[in-house]
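Peer 1: just need the structure, nothing else, for what follows:
(2 chains)
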There are 2 protein chains.
Amino acid sequence: MTTMEEMGAKAKVASRQLANAGEKKNEALKAIADALKANSDKIIAANAVDLENGKANQLSASLLDRLMLNEKRIDGIAQGVLEVAALPDPIGTVISGSTRPNGLKITKVRVPMGVIGIIFEARPNVTADAAVLCLKSGNAVILRGGKEAINSNKCIADIMRDAVESVGLDKNCIQLIEDTSRRSSTELMELTQYLDVLIPRGGKGLIRAVVENAKVPVIETGAGNCHVYVDEFADIDMAAEIIYNAKTSRPSVCNAIETILVHEKIAEKALPVIKARLDEKNVELRGCEKTIAILGESVVPADESDWETEYGDYILAVKVVDSFDSAVEHITKYSTGHSECIITENLKNARRFTECIDAAAVYVNASTRFTDGGMFGLGAEIGISTQKLHARGPMGLNELTSMKFIIEGDGQVRI
Amino acid sequence: MTTMEEMGAKAKVASRQLANAGEKKNEALKAIADALKANSDKIIAANAVDLENGKANQLSASLLDRLMLNEKRIDGIAQGVLEVAALPDPIGTVISGSTRPNGLKITKVRVPMGVIGIIFEARPNVTADAAVLCLKSGNAVILRGGKEAINSNKCIADIMRDAVESVGLDKNCIQLIEDTSRRSSTELMELTQYLDVLIPRGGKGLIRAVVENAKVPVIETGAGNCHVYVDEFADIDMAAEIIYNAKTSRPSVCNAIETILVHEKIAEKALPVIKARLDEKNVELRGCEKTIAILGESVVPADESDWETEYGDYILAVKVVDSFDSAVEHITKYSTGHSECIITENLKNARRFTECIDAAAVYVNASTRFTDGGMFGLGAEIGISTQKLHARGPMGLNELTSMKFIIEGDGQVRI
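Peer 2: Numbering: from 1, shown residues only, chains lettered A, B, ... in the order given. Model (predicted):
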């Protein structure tokens, strides 16, 4: 088996070719899309082995569903690849530039990162999604997926590598680590000589482990303990619609909300309207004392842990706050810095909220569910960064790039 | 003594006030400049203790010189603070924005990082330089300087804290760790709950230690094994001037060159001209066999280690290469990705060089010594990043910031 060092070295070599590959990259993407569709039988057969193993290992129904690939899902993946091909190429974009008084022309140009590592869990579609975003942005990628999907991942990676090679590019711009033991992910996290950045995609545990143990630069993605604050000047119907959408349209994702904060001056009117809407989806409410006083005993009493929890489910924590400042304070204490929202018709409070709240996405009168690369118009997304270094919020192709300065002179020296 | 956790918590609180402090930040900077000048006697007295300890511990003359503060140097520091005050405030700048088809207005705005940690070595001027750049960019800073300068650092930090407080800002936006043991730097590297980024400033050993051990995000600065490649189409006099400048104007800094590569078709003509210029400063040459064949026995034979070494001294490695590609290959193998230069009159080679070389700053016909925030027109510099994540090359105020998305709607929900 290839060692991690060897994979790193091969990726580095491939990344150099890819850095200036121009239109060849799109040819490769089209070849990948075609090959995935042409080989869907093979992928489904490999996936069947994973599903069988998953059942034998008693994976939950929802995990098995995420693992499962069929003709339709493979078509969806291939379609996604073509959409990435259609996006503008970020590489070579001039970010800024100037001519210095001494005549030096300085240009800041977008270039690839080089080699990107992706550690992810059970979804085999990430193998294709992540690889093509890296390829489009001129980066070689080393993929390390979970053991549950190893057969599907291997099959998809092999198909993509052959497709890349068929257009004359180095197939090592896409590599999959076949060893799914803990050792291989540790080695990847320590591959400082070759890896320019490592992006974990998956649950809290995985992300924490990578952030704590990696020696290579990491982009943290993920956790979303998101809030909606219903201001005293809120439009109550709008509040109910936004809360309903942000909680129930897809409760398992990171941009869904977990807690609402309601100003006490509006709570008596607003809470019953909000509850009525959430009842349509049988959302369990866990509330503070004031909430229970207004909505009655159907509300489960909330404790400290409720303010901290990303339920990912049809559960919503509710707290009545005595002021705008209390709402900001609560959010500042419990937010994971993902997406936060105020519902208000008051301009001053809207402005203060966007200034005070320290999160990747701060909303006024809209659902937090919009925090997404596609919804923001980035065209594609490799994840949502919740750190402040390099990228924050939805990461598109630009966030997979670095830059370099090109300085052109005619003999200038520094005095 | 305050624990690291407490310092982190205080910094976080201070950072929130600072994030929207606007013009108050410049008032604080002016107060700092005044206070440093008004208290120069105090600083010089504290510095004298450090110098005495340094002598007792047999620090080298050059280290003692870096440690030393006098009236003139303190004036220089204060002047630097005023220059930072005069720079435009990066915070609140709109980076980009759009209106989505559903009417959502999305704006990407520059915001502070939050809390920045700086680990540095013996120079006490860094205490002021780093603190004011962080303050101007709206960040609270936790400084951890070397033990050699601890008395000077404490004195400067106290003066700055009082000045900050005098204009009504939280003095904890500047904090100095007084414990200079290894334990305190380890604790700082693990302060994930409070630290948004950690920047090491100093020698190779320090930077390596921080990169390998930190659990918080790090910006790597520093090492520069820089090259000049003299192409077969070079203007020989220009080559000699640029090499002379890049090697001898300040050999100890990271943007000075360590190796030159000379195309064999021009080597016989060019090398004697280059050597004659370098002889003026008695630069020791370490060359390959072909170099020695041309320049004679005054050239020390180079071995593998010479290609890897950042001399930081009046020493230059010289290699004759048989092609453009060999030059690129050598640079790709040994470069630290800092600054690389080609001397050529050939447009195609200039273009290929800027495309192929993977470094923060790629030069055509100019001295690598220009890689510097001031020279690039950034106004100030916290260091030179040699990593690809977040910042690459000279880091000015913008590189000390993050961004957030502000999304304004009138009730939009995601379908």
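Peer 1: only C-alpha atoms from now on, for both contacts and neighbour counts.
Peer 2: Will do.
Peer 1: okay, now the domains of chain A?
Peer 2: As assigned by automatic domain parsing, chain A contains the domains A:4-220+A:390-408, A:226-370.
Peer 1: OK, contacts around the residue in the stretch 301-415 of chain A positioned nearest to chain B?
Peer 2: With C-alpha to the nearest C-alpha, the shortest gap between the stretch 301-415 of chain A and chain B falls at A:His390, namely 3.6 Å. A:His390 is in contact with A:Ile219, A:Glu399, B:Leu389, B:His390, B:Ala391, B:Ser402, counting by C-alpha atoms under 8 Å, 6 or more residues apart in numbering or on different chains.
Peer 1: same thing with A:Pro301?
Peer 2: A:Arg286, A:Gly287, A:Cys288, A:Glu289, A:Ile292.
Peer 1: among those, which are located in helices?
Peer 2: Within those, residues falling in helices by DSSP state H are A:Glu289, A:Ile292.
Peer 1: about what we covered before: I'd like the domains of chain A as CSV, with mean pLDDT appended.
Peer 2: As requested, these are arranged in CSV below (pLDDT from 0 to 100):
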stretch, mean pLDDT
domain A:4-220+A:390-408, 95
domain A:226-370, 97
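Peer 1: can you list the residues of the stretch 151-300 of chain A near chain B?
Peer 2: Contact residues (C-alpha under 8 Å from any C-alpha of the partner chain) of the stretch 151-300 of chain A with chain B: A:196-197, A:211-218, A:238-239, A:241-242, A:245-246, A:249.
Peer 1: report the contact partners of A:Asn172.
Peer 2: By C-alpha under 8 Å, 6+ apart, A:Asn172 lies in contact with A:Lys10, A:Ala11, A:Ala14, A:Ala140, A:Arg161.
Peer 1: so how do I select the buried members of the residues you listed in ChimeraX?
Peer 2: Listed next is the ChimeraX selection for buried residues among the contacts of A:Asn172, using 16 or more other C-alpha atoms under 10 Å in any protein chain shown:
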select /A:10,11,14,140,161
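Peer 1: out of the contacts of A:Asn172, which is nearest to chain B?
Peer 2: Of the contacts of A:Asn172, the one sitting nearest to chain B (C-alpha to the nearest C-alpha) turns out to be A:Ala14, at 13.0 Å.
Peer 1: quick one: contacts for that closest one?
Peer 2: A:Ala140, A:Asp170, A:Lys171, A:Asn172, A:Cys173.
Peer 1: and the helices in the stretch 201-350 of chain A?
Peer 2: Remark: helices assigned in the stretch 201-350 of chain A by DSSP state H, counting those that start in this stretch are A:204-213, A:236-248, A:264-279, A:289-295, A:304-308, A:324-334, A:347-356.
Peer 1: got the angle between the first one and helix B:204-213?
Peer 2: Helix A:204-213 runs at 170 degrees relative to helix B:204-213, counting by axes from the mean of the first three to the mean of the last three C-alpha atoms, to 10 degrees.
Peer 1: can you tell me which helices and strands helix A:204-213 packs against?
Peer 2: helix A:182-189, strand A:197-201 (3 or more C-alpha pairs under 8 Å, 6 or more residues apart in numbering or on different chains; DSSP states H and E).
Peer 1: surely A:Ala327 is in contact with A:Leu261?
Peer 2: Yes: A:Ala327 is within contact range of A:Leu261, at 6.5 Å (criterion: C-alpha atoms under 8 Å).
Peer 1: shared neighbours, those two?
Peer 2: Taking C-alpha under 8 Å, 6+ apart as the criterion, A:Ala327 and A:Leu261 both touch A:Tyr229, A:Val321.
Peer 1: now A:Leu59, what's its secondary structure?
Peer 2: coil (DSSP: H, G, I helix; E, B strand; the rest coil).
Peer 1: ok, now which ones touch the closest residue to A:Ile257 other than its chain neighbours?
Peer 2: Of all residues not flanking A:Ile257 in the chain, A:Cys226 sits nearest, at 4.6 Å (C-alpha to C-alpha, 6 or more residues apart in numbering or on different chains). Applying C-alpha under 8 Å, 6+ apart, we find A:Cys226 in contact with A:Asn255, A:Ala256, A:Ile257, A:Glu258, A:Thr259, A:Ser335, A:Thr336, A:Gly337, A:His338, A:Ser339, A:Glu340, A:Thr368.
Peer 1: A:Leu135 reaches A:Gln175, doesn't it?
Peer 2: No: the pair A:Leu135 / A:Gln175 is not scored as a contact, 11.5 Å apart, by C-alpha under 8 Å.
Peer 1: which neighbours do these two share?
Peer 2: A:Val141.
Peer 1: how about the stretch 51-200 of chain A: which residue is closest to chain B?
Peer 2: A:Met113 (6.2 Å).
Peer 1: top of the contacts of A:Cys226 by neighbour count?
Peer 2: A:Ile257 (34 neighbours; other C-alpha atoms under 10 Å in any protein chain shown).
Peer 1: who are the neighbours in contact with that one?
Peer 2: By C-alpha under 8 Å, 6+ apart, the contact list for A:Ile257 reads A:Gly224, A:Asn225, A:Cys226, A:His227, A:Val228, A:Ile243, A:Ala246, A:Lys247, A:Pro251, A:Leu316, A:Thr368.
Peer 1: which one of those is nearest A:Leu87?
Peer 2: Relative to A:Leu87, the closest of the contacts of A:Ile257 is A:Thr368; by C-alpha to C-alpha it sits at 25.2 Å.
Peer 1: phi, psi for that closest one please.
Peer 2: phi -60, psi -10 (degrees, to the nearest 10).
Peer 1: same check, this time on A:Glu52
Peer 2: Residue torsions, per degrees, to the nearest 10, at A:Glu52 are phi -60, psi -50.
Peer 1: okay, now it: neighbour count?
Peer 2: 12.
Peer 1: same check on A:Glu345?
Peer 2: So A:Glu345, with other C-alpha under 10 Å, has 16 neighbours.
Peer 1: try A:Arg277
Peer 2: 17.
Peer 1: circling back to that earlier point, from the helices and strands packed on helix A:204-213, which stretch is densest packed?
Peer 2: strand A:197-201 (a mean of 24; mean count of other C-alpha atoms under 10 Å in any protein chain shown).
Peer 1: list of residues touching that one?
Peer 2: Taking contacts as C-alpha under 8 Å, 6+ apart, the residues outside strand A:197-201 that touch it are A:113, A:115-121, A:189, A:206-207, A:210, A:216-222, A:383, B:389.
Peer 1: what's the ChimeraX syntax to select whichever of those are buried?
Peer 2: In ChimeraX, a selection of the buried entries from the contacts of strand A:197-201 looks like this (16+ other C-alpha under 10 Å):
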select /A:113,115,116,117,118,119,120,121,189,207,210,216,217,218,219,220,221,222,383 /B:389
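Peer 1: closest one to B:Arg66 out of the contacts of A:Cys226, please.
Peer 2: Using C-alpha to C-alpha, A:Gly337 comes nearest to B:Arg66 of the contacts of A:Cys226, at 41.1 Å.
Peer 1: the residue lying closest to that closest one once chain neighbours are set aside and B:Glu284, how far apart?
Peer 2: In this structure, A:Gly337 finds its nearest non-sequential neighbour in A:Ala359, 3.9 Å apart by C-alpha to C-alpha, 6+ apart. Per C-alpha to C-alpha, to the nearest Å, A:Ala359 is found 55 Å from B:Glu284.
Peer 1: for A:Ile159, same thing?
Peer 2: 55 Å.
Peer 1: where is the longest strand in chain A?
Peer 2: Once chain A is assigned using DSSP state E, the strand that runs over the most residues is strand A:401-412.
Peer 1: is that strand positioned near chain B?
Peer 2: Yes: judged by C-alpha under 8 Å from any C-alpha, strand A:401-412 and chain B are in contact via A:Ser402, A:Met403, A:Lys404, A:Phe405, A:Ile406, A:Ile407, A:Glu408, A:Gly409, A:Asp410, A:Gly411, A:Gln412.
Peer 1: please consider this matter closed, and thank you.
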